[in-house]
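> sequence-free structure coming up:
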Ligand code: MCN
């Protein structure tokens, strides 16, 4: 636990599992989500999407649609090309032309080809059916391996290849590690394509005020001032200072609401053209087919090992399927670098990475972005090493885990893991699983026809990225480090108002940020009001602001701490002046400053009165006001010449253990037991941390067993509704047993680490358990997605051979 430090006046609320204050309005239906926003004169948009995965657009005729009563305007690719500038992809920027709508060519089924705006949504939908688009179908390419073949159809002809990024990284002496090894273990893995399915789909309301030249956009973007504002400003030619970004309450985002800027541009254009505020809300099919998907990756892995299970080094080749266009990518194909060796001590590693475009929905951030794929590969590799050597996978992990005495631990790629006890976490997991007893029972159960297996896996949940990582893709990328802004103000009632640049989507920020501010000010938590939502006219921000990469606590929370400290110092100065006491003799309790020597006291309310309207009472020379805007920035660096970089601020970790039973006749996996050990350092609100841990585990479990985007050879998405993209419900969830270790982080004032993503740990844990259950069939689990059909086929194939 954190001890009340100089950062906190006292520790009354930090560490307390308080109920989430925002939940009351959500469960009472009082949230203000995008579709709840009603404006006078609102018009409604509908987007017509391509039925083809790859085709030239020969002609778009909107004349019939425009004649339908109630239709206000129709925009096509030609209009967009004329009225906006294309976005700048991070790679091949001079060769890839990316607009907010298809121009000349479509590159995935579901890509926008026309947008209709009408008096109501139904009319807009009807009119879209009247838009006549003539396509010339082109052969699609729907998987990364085919896309790399020399004769593959090209998505972006000017690039001359579908490989849009290719980079190699070598750390340590990889060749020597391989020479010194007793065995080289080779395997190929596939990490499948899935995404998050927040309760609320994406929606935008844009209102361009022609008189003031101000564009106001209500949107659920998780980084409206980062990956949002600059793109919108550039595309539309509106200065950033004249764009107001408002985030309403957001019904979940999980990363995938980052790349919404193309839709912001499109809906803004509709508002500019019609002179009306315009609302567009994605339906579920659009969301599944054309929002953003998570990274799909193919791995070829070689591990150099000693007979005793020591891993000496690894060579990994990874091919990332990026979908039709790299928007935020290839960041996802790079940020495995935050967790290069996973939780393990091997120092020699080479990575060769290719990012490849295909005729599928573009890829973007998704909970565990870029890191869970890599850790799936590393964890599976460790399991394969164990099996090849005839060792227990837990034993091999104990041998290779980074040890607590090595913390803070510098990884081969320059990451600095900020504390933890990985062997202890594994021991706790094994204990919770009753691992040894289970292993003994397994043989007997098999005789009874029960195929029970146990798997363990680790993940690092890296929190608070360092944008300097983008310089490893483009040395001139205009971003580095990371920062956040917060405002703390004491109002005339002596209560605190807190505003911060993070964008809550369900993480409970109003509660945890109030806990931090209350303790940092010495005020009752009931007297701290954290402004909900985000509005660029009322909230402070930086170009890095937002809620992504598990960073709100360790950036937003620390910015609040900084602002509160500055306000507190001013409070103490005013109190010292009024009480005639030295600052060292003052103490704050519950919104009152006491002079420990004279027993005199003064309330925050009285101090605020002096600060705002009774200003003659202030110390000479002091400026009025009782507020601070604080910009927090940790000490991040740029990459060194060996491409080493500490890419993130904190490194939480989780160890998972799972027991499964596989039904040989159906291939169905039943989860018998699921245990988790988590260490995110100081927990500000343990109940919220548990919620995050459960949520991330549910997410990973859904991906492991149920959720997958499956395309046919023509690039048609076969899992485009909830009938076939199977999102698990509470019924499918086991009881997650969670225990915590609290090793304070060495990086921040409160010793906390981020906890929001969980690292996709269920994917390797469940794969491992399934492989263990199917040991008699000698089946290797190489895919991250293991639905009944796949397992059934594997079992039947192994029975034939
Ligand atoms: N917290 C805490 N103690 C810690 C760490 C965190 O009490 N040691 C609290 C924080 O104060 C915050 C919550 O836990 O209330 C999550 O904090 P943090 O780890 O900083 O993550 P963020 O708030 O930045 O959230 C982002 C993260 C990401 S990247 C995805 S994706 C994700 C996730 O959060 N999306 C979510 N969890 C989600 N949960 C919900 N309900 N909805 C989403 O869209």
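Done, it's in. All values derive from a computational prediction rather than experimental measurement. Residues are numbered from 1 along each chain as shown.
> return the residues in contact with residue 353.
Neighbour list for residue 353: 165-169, 317-320, 330, 333-334 [criterion: C-beta atoms under 8 Å, 6 or more residues apart in numbering]. Where C-beta positions appear, they are placed from N, C-alpha and C, glycine not excepted.
> go through these and name the one nearest residue 207.
residue 330 (34.5 Å; C-beta to C-beta).
> ok, so what distance separates the closest one from the ligand?
Distance, residue 330 to the ligand, by C-beta to the nearest ligand atom, to the nearest Å: 19 Å.
> nearest residue to that residue in space, please, no chain neighbours.
residue 355 (4.0 Å; C-beta to C-beta, 6 or more residues apart in numbering).
> for that neighbour, which three-state class applies?
Here residue 355 is strand, with the state taken from DSSP: H, G, I helix; E, B strand; the rest coil.
> try residue 694
With three-state DSSP as the criterion, residue 694 reads helix.
> so it makes contact with residue 737?
No: contact criterion C-beta atoms under 8 Å: residue 694 and residue 737 do not qualify, at 10.7 Å.
> state the pLDDT value of the closest residue to the ligand within the stretch 601-750 of the chain.
Distances between the stretch 601-750 of the chain and the ligand by C-beta to the nearest ligand atom are smallest at residue 684, namely 3.4 Å. The model reports residue 684 with a pLDDT of 98.
> neighbours around it, how many?
If you count neighbours by other C-beta atoms under 10 Å, residue 684 ends up with 27.
> also residue 392?
Neighbours around residue 392, by other C-beta under 10 Å: 15.
> show me what counts as buried in stretch 327-336.
Neighbour counts over stretch 327-336 (16 or more other C-beta atoms under 10 Å) mark 327-336 as buried.
> would you reformat those residues as CSV and include distance to residue 238 and pLDDT?
Below are the buried residues of stretch 327-336 laid out as CSV (distance: C-beta to C-beta, whole Å; pLDDT from 0 to 100):
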residue, distance to residue 238, pLDDT
327, 20, 92
328, 22, 92
329, 26, 95
330, 29, 97
331, 26, 97
332, 29, 97
333, 32, 97
334, 31, 98
335, 31, 97
336, 37, 98
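> if I look at residue 568, how far off is residue 517?
Taking C-beta to C-beta, to the nearest Å as the measure, residue 568 falls 10 Å from residue 517.
> which one of the two is surrounded by more residues?
A count of neighbours by other C-beta under 10 Å puts residue 517 above the other of residue 568 and residue 517, at 28 against 22.
> assign the more buried one to helix, strand or coil.
For residue 517, the assignment made with three-state DSSP gives helix.
> neighbours around the residue of the stretch 401-550 of the chain found nearest the ligand, how many?
Nearest to the ligand in the stretch 401-550 of the chain, going by C-beta to the nearest ligand atom, is residue 506, at a distance of 2.7 Å. For residue 506, the neighbour count with other C-beta under 10 Å is 22.
> for the nearest residue in space to residue 252 that is not next to it in sequence, which residues are in contact?
Leaving aside its sequence neighbours, residue 252 sits nearest to residue 198 (C-beta to C-beta, 6+ apart; 2.9 Å). With contact taken as C-beta under 8 Å, 6+ apart, residue 198 is in contact with 250-254, 256-257, 505.
> start to end distance for stretch 159-177?
This stretch, stretch 159-177, spans 37 Å end to end (C-alpha to C-alpha, to the nearest Å).
> how about that stretch: buried residues?
The neighbour-count check on stretch 159-177 (16+ other C-beta under 10 Å) flags 159, 161-165, 167, 169-172, 174, 177 as buried.
> so how far is it off the chain centroid?
Its chain's average C-alpha position is 25 Å from that of stretch 159-177, according to C-alpha atoms, centre = their mean, to the nearest Å.
> the residue of the stretch 601-750 of the chain closest to the ligand reaches residue 516, doesn't it?
Yes: assessed by C-beta under 8 Å, residue 684 is found in contact with residue 516 at 6.4 Å.
> tally up the residues packed near the residue nearest to residue 330, please.
Residue 355: 29 neighbours (other C-beta under 10 Å).
> and the strands in the stretch 101-250 of the chain?
For the stretch 101-250 of the chain, the strands defined by DSSP state E, counting those that start in this stretch cover 105-106, 112-118, 132-137, 163-171, 183-191, 203-209, 214-218, 243-247.
> starting at the chain centroid, how far to the first one?
Yep, that's strand 105-106 we're talking about. 29 Å.
> tell me the pLDDT at residue 324?
98.
> got the residues of the stretch 51-200 of the chain near the ligand?
residue 198 (C-beta under 6 Å from any ligand atom).
> in the stretch 51-200 of the chain, what residue is nearest the ligand?
Taking C-beta to the nearest ligand atom, the stretch 51-200 of the chain has residue 198 as its residue nearest the ligand, at 6.0 Å.
> distance of the closest residue in space to residue 335 that isn't next to it in sequence from residue 636?
Counting by C-beta to C-beta, 6+ apart, residue 370 is the residue found nearest to residue 335 once chain neighbours are left out, at 3.8 Å. In this view, residue 370 and residue 636 are 18 Å apart by C-beta to C-beta.
> so between the two, which is more surrounded?
Looking at residue 370 and residue 636 with other C-beta under 10 Å, you find the greater number of neighbours at residue 370, namely 28 against 20.
> wait, residue 644 touches residue 170, no?
No: using C-beta under 8 Å, residue 644 makes no contact with residue 170, being 11.2 Å away.
> all helices of the stretch 1-150 of the chain, in order?
For the stretch 1-150 of the chain, the helices defined by DSSP state H, counting those that start in this stretch cover 23-27, 63-67, 77-83, 121-130, 144-147.
> possible to save these as JSON lines with mean pLDDT and mean neighbour count?
Converted to JSON lines, the helices of the stretch 1-150 of the chain look like this (pLDDT from 0 to 100; neighbours: other C-beta atoms under 10 Å):
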{"stretch": "helix 23-27", "mean pLDDT": "95", "mean neighbour count": "12"}
{"stretch": "helix 63-67", "mean pLDDT": "98", "mean neighbour count": "14"}
{"stretch": "helix 77-83", "mean pLDDT": "98", "mean neighbour count": "17"}
{"stretch": "helix 121-130", "mean pLDDT": "98", "mean neighbour count": "19"}
{"stretch": "helix 144-147", "mean pLDDT": "97", "mean neighbour count": "19"}
